[in-house]
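Enquirer: no sequence for this one, just the structure:
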């Protein structure tokens, strides 16, 4: 069975490709490399000893998508492709709406044409409203997002749910990620952001390796135990395994299902920084700065439904995530070497 992975050269996409290949799936990737490096796919092949069929291009390119579906027998799509930085989305809302919504509309249009109607969407905990009680369940309130990135995830969920509701042949799985960090155990793959990292862990590792002077922690006056934001950090390989479970589910069921992919444990930014320094015996200089637009104080998952329905649970600890992130950065000081 072949799976089309949009955005498959990116951080989560490439790690998911490893798990798919190791579970016997064929993998076809489309990626425009805006925030990715094709070296990641070479590393996927190196780790698995298997081949990834790669198309460089934009998911909004209808002709290219038609070609991909005509040249490959695709049974399921995992849709990762999209811009993904919360802070940047506040500054560049048009780009986020254009990219993240139109990729989905063009992709589903072509999927409908070819009659292949199984899709897994990489959604986000940002779809939940900021006034929910913790932990977040799949039935918690959504909408009222605090940034354009979150709105694009929410709107895409609405688009896909609507398509599935109108046509019962569709199988839509919405995976709401919490905060993926970590890297493949080999150290051959990891998070490799272009320019200044928008996410916490790659910033920590780049400071630790000497590429950046110090970490900026956005706010220490939140209503949390130590004043810094609390998040549900999940190992990227646990997340990747969740996608493999979702592919099996999507190809055996119809309709729309939503699943949280998180550990169910909330750690603060300071917890994460301190754990990183402790397990890796390395110093990470940091400074406290003002809050960042769009950030909420606390966010962590109730992953019970994923365990019950998909048979999936996160296995890796925060210490594992910190150790694997540092292993990747040490072995690849310049990332994939751009």
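Expert: That came through, no problem. Predicted model only: the values in this text are computed from it and were never measured.

Enquirer: Show me the shaky parts of the protein.
Expert: By pLDDT under 70, the weakly predicted segments of the chain are 338.

Enquirer: in the stretch of helix or strand residue 43 belongs to, what's buried?
Expert: Assessed by DSSP states H and E, residue 43 sits inside helix 39-48. By 16 or more other C-beta atoms under 10 Å, the buried positions in helix 39-48 come out as 39, 40, 41, 42, 43, 44, 45, 47, 48. Heads up, the C-betas are built off the backbone N, CA and C, glycines and all.

Enquirer: Which single one of those residues is nearest to residue 176?
Expert: Set against residue 176, the nearest of these by C-beta to C-beta is residue 40 (23.9 Å).

Enquirer: ok, that closest one - contacts?
Expert: Going by C-beta atoms under 8 Å, 6 or more residues apart in numbering, residue 40 touches 9, 10, 14, 189, 192, 336.

Enquirer: ok, of the buried residues of helix 39-48, which one's closest to residue 316?
Expert: Nearest to residue 316 among the buried residues of helix 39-48: residue 47, at 17.2 Å, using C-beta to C-beta.

Enquirer: I'd say that closest one and residue 186 touch.
Expert: Yes: contact criterion C-beta atoms under 8 Å: residue 47 and residue 186 qualify, at 5.9 Å.

Enquirer: circling back to that earlier point, just send the contacts of residue 40 back as a markdown table, with secondary structure and neighbour count too.
Expert: Shown next, in a markdown table, are those (DSSP: H, G, I helix; E, B strand; the rest coil; neighbours: other C-beta atoms under 10 Å):
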| residue | secondary structure | neighbour count |
| --- | --- | --- |
| 9 | coil | 30 |
| 10 | coil | 27 |
| 14 | helix | 32 |
| 189 | coil | 27 |
| 192 | coil | 25 |
| 336 | coil | 16 |
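
Enquirer: right, and out of these, which lies closest to residue 137?
Expert: residue 10 (27.8 Å).

Enquirer: my read: that closest one touches residue 35, true?
Expert: Yes: with contact defined as C-beta under 8 Å, residue 10 reaches residue 35; the gap is 6.3 Å.

Enquirer: Could you identify the helix or strand that succeeds the longest helix along the chain?
Expert: In the chain, taking DSSP state H as the definition, the longest helix is helix 93-114. Downstream of helix 93-114, the first helix or strand assigned by DSSP H and E is strand 118-124.

Enquirer: what's that following strand in contact with?
Expert: The contact list for strand 118-124, computed with C-beta under 8 Å, 6+ apart, reads 7, 12, 75-80, 82, 104, 107-108, 111, 149-150, 153, 156-157, 160, 170-177, 243, 246-247, 250-251, 258.

Enquirer: And for stretch 288-302?
Expert: Here stretch 288-302 has contacts from 86-87, 89-90, 125, 128, 130, 134-137, 146-147, 149-150, 176, 178, 216-224, 229-232, 260-266, using C-beta under 8 Å, 6+ apart.

Enquirer: From those, list the buried ones, please.
Expert: Neighbour-count burial (16+ other C-beta under 10 Å) applied to the contacts of stretch 288-302 gives 86-87, 89-90, 125, 128, 130, 134-137, 146-147, 149-150, 176, 178, 217-220, 222, 224, 229-232, 260-266.

Enquirer: Show me the residues you listed that map onto strands.
Expert: Cross-referencing the buried ones among the contacts of stretch 288-302 against strands under DSSP state E gives 176, 217, 218, 230, 231, 260, 261.

Enquirer: what's the closest of these to residue 284?
Expert: Closest to residue 284 out of those is residue 217 (10.4 Å), distances taken as C-beta to C-beta.
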